[in-house]
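A.B. asks: What shape does this take:
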Amino acid sequence: MLKDNSSVQTPSIEKAPKEKKKLFHVEKRFNMATWQSILIRFGFIIFAVFMGLLVLTMAYGINPFLSFGNLFKGAFGEIFKGNFDNLWEFLRDSALLLGVGLALIPAFKMKFWNLGGNGQIAIGALVCLIMMVELGGKMPDIVVVLISLVAAVVVGAIWAAIPAIFKAFFDTNESLFTLMMNYIATGLVSVWIYWRFPGNSNVVPVQDDGRLPILFNKQLLIIILVAVLFVAILFYLKFSKHGYELSVVGESINTAKYVGINSKKVIIRTLILSGALCGFIGFLIGSGVDYTITAETTHRGMGFTAIMAVWLAKFNPIVTIFTALFITFITKGMGQVQMANSRYITDASATSMVMGLIYLFVIASEFFIEYKIMYNKNGKETDVLEIIGGFFKKVFGPVGRFFAMVFVPVGRFFKALFGTKDNAKKEPDKKSIDIDEDNQANLDEAKQILEPETSPSKKKTTSGRKKSQKGSK
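C.D. replies: Take a look at the predicted model:
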């Protein structure tokens, strides 16, 4: 017997409540164009400089427009008046920072976080000054320079090899190890100064012997040497076997072992190179810039500053050139802002705060390159950067249209004046082309292949043309 289905009660299916979308949420960004990432960084830099000068204006009441001009004056000086001293110093300091960045890039690409750049620079400068003090005046300057160079490079390499050996064989924390080595190097500098010049208030006199030769000026040779170093490191990373091996070790030590790469050897070798290059920068500072040494300011904090430079450049040596120029520009520019407003800004704390704010915004720009913040309004999601871009488009749109109205006619005038008509491609005259019946039949056949749903009338005309062509043949 069939059961009455009407007595069976079907369970009620409860509808799940709709998930309420958040007003803001973060998504991973994919396939951003290079020009867009550059535009984001540039926009954040401009905004950061504006906010930094606004902070100084609110705190001290100084003129923000004069401060903006002092930024460029501190970096480039009075180049329009024929004074290029500040410009040369700006290029030299940028080159030194680039050199430290080039020293750190191989280690960072291998995922060895070398935080001991300051100590490796300081120990290189210390050995260089020891050679200048002990051998200067007793040997020719060129001999002293060569001995100082070799000694600084070797000691810098040894200083970096110590934490590398412990990392390779005992898997110690390289960040803490290299960081502690900085304090040891600074202490050695203080001990040597106190021992060698006990009655001189812990200061090394400026050395006149054993200096780096001057080529046109005292900055040019340093810039050339760093440029040569840049080419060598670029070739080492891109085209050498060692550069390939350190990148494999950085990706995965297990993969390196599988393909037969000795990861311990690569770690020690790469850190020896990194320390040697930092020691070379210490040699340039001691023998070519300061001619003296202090425990606090010899390394100039470049070991830490270069970390930000290479990180912003994504460990790319070419991009590191621009990040080093930008960081040096901000550093020297804010120094000039403090000097120009010394009545109000009595110490470097205010300018350091502004520099930290600028660096914060620059680092924050990387977040918007990697991720996007989506704004949900009435079920429609929009990227926050697109909203900001639309705002600036509305604000600065009339300005852009004004410049277009001014410069477009001028450009057309020069194009008409200097342009050549021979290069213009002329379209063929369609009226002069005669299509015979054979070509027309071929065209009809191609249309039938491309358009299968052809009307019967078109098929009849095409078949009639084919028959007439066969009869004529």
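A.B. asks: contacts and neighbour counts: CA atoms only from here.
C.D. replies: OK.
A.B. asks: thinking residue 279 is in contact with residue 120, fair?
C.D. replies: Yes - counting by CA atoms under 8 Å, residue 120 is a contact partner of residue 279 at 5.7 Å.
A.B. asks: tell me, what's touching the two both at once?
C.D. replies: Residues touching both residue 279 and residue 120 by CA atoms under 8 Å, 6 or more residues apart in numbering: 156, 157.
A.B. asks: ok, those two, which is more surrounded?
C.D. replies: Set residue 279 next to residue 120 and count neighbours by other CA atoms under 10 Å: residue 279 wins out with 38 against 35.
A.B. asks: Okay, and that one sits in which element?
C.D. replies: Using DSSP states H and E, residue 279 maps to helix 263-285.
A.B. asks: Could you give me the buried positions within that helix?
C.D. replies: Neighbour-count burial for helix 263-285, with 16 or more other CA atoms under 10 Å as criterion, is recorded at 263, 266-285.
A.B. asks: Stretch 312-327 now?
C.D. replies: Here stretch 312-327 shows 312, 313, 315, 316, 317, 320, 321, 322, 323, 324, 325, 327 as buried, counting by 16+ other CA under 10 Å.
A.B. asks: Over to stretch 45-65?
C.D. replies: Buried residues in stretch 45-65, counted by 16+ other CA under 10 Å: 45, 48, 49, 51, 52, 53, 54, 55, 56, 62, 64.
A.B. asks: Could you tell me which of these belong to helices?
C.D. replies: Cross-referencing the buried residues of stretch 45-65 against helices under DSSP state H gives 45, 48, 49, 51, 52, 53, 54, 55, 56, 64.
A.B. asks: now the closest residue to residue 280 other than its chain neighbours: how far from residue 236?
C.D. replies: Nearest non-adjacent residue to residue 280, counting by CA to CA, 6 or more residues apart in numbering: residue 153, 5.3 Å away. Separation of residue 153 from residue 236 (CA to CA, to the nearest Å) stands at 18 Å.
A.B. asks: ok, these two, which is more surrounded?
C.D. replies: Higher neighbour count among residue 153 and residue 236: residue 153, with 30 against 15, using other CA under 10 Å.
A.B. asks: In this protein, what helix or strand scores lowest on average pLDDT?
C.D. replies: helix 456-472 (a mean of 47; mean pLDDT, DSSP states H and E).
A.B. asks: Near residue 88, how many residues? Count them for me, please.
C.D. replies: For residue 88, using other CA under 10 Å, the count is 19.
A.B. asks: Over to residue 157?
C.D. replies: Residue 157 is flanked by 26 other residues according to other CA under 10 Å.
A.B. asks: Just the element for it, please.
C.D. replies: Counting by DSSP H and E, residue 157 is found in helix 141-170.
A.B. asks: tell me which residues of that helix are tucked away?
C.D. replies: Neighbour-count burial for helix 141-170 flags 141, 144-145, 147-165, 167-168 (criterion: 16+ other CA under 10 Å).
A.B. asks: helices or strands next to it in the packing?
C.D. replies: Here helix 141-170 touches helix 117-135, helix 174-196, helix 263-285, going by 3 or more CA pairs under 8 Å, 6 or more residues apart in numbering; DSSP states H and E.
A.B. asks: so which of the ones you listed gets nearest residue 106?
C.D. replies: With CA to CA, the closest approach to residue 106 among these belongs to helix 263-285: 6.5 Å.
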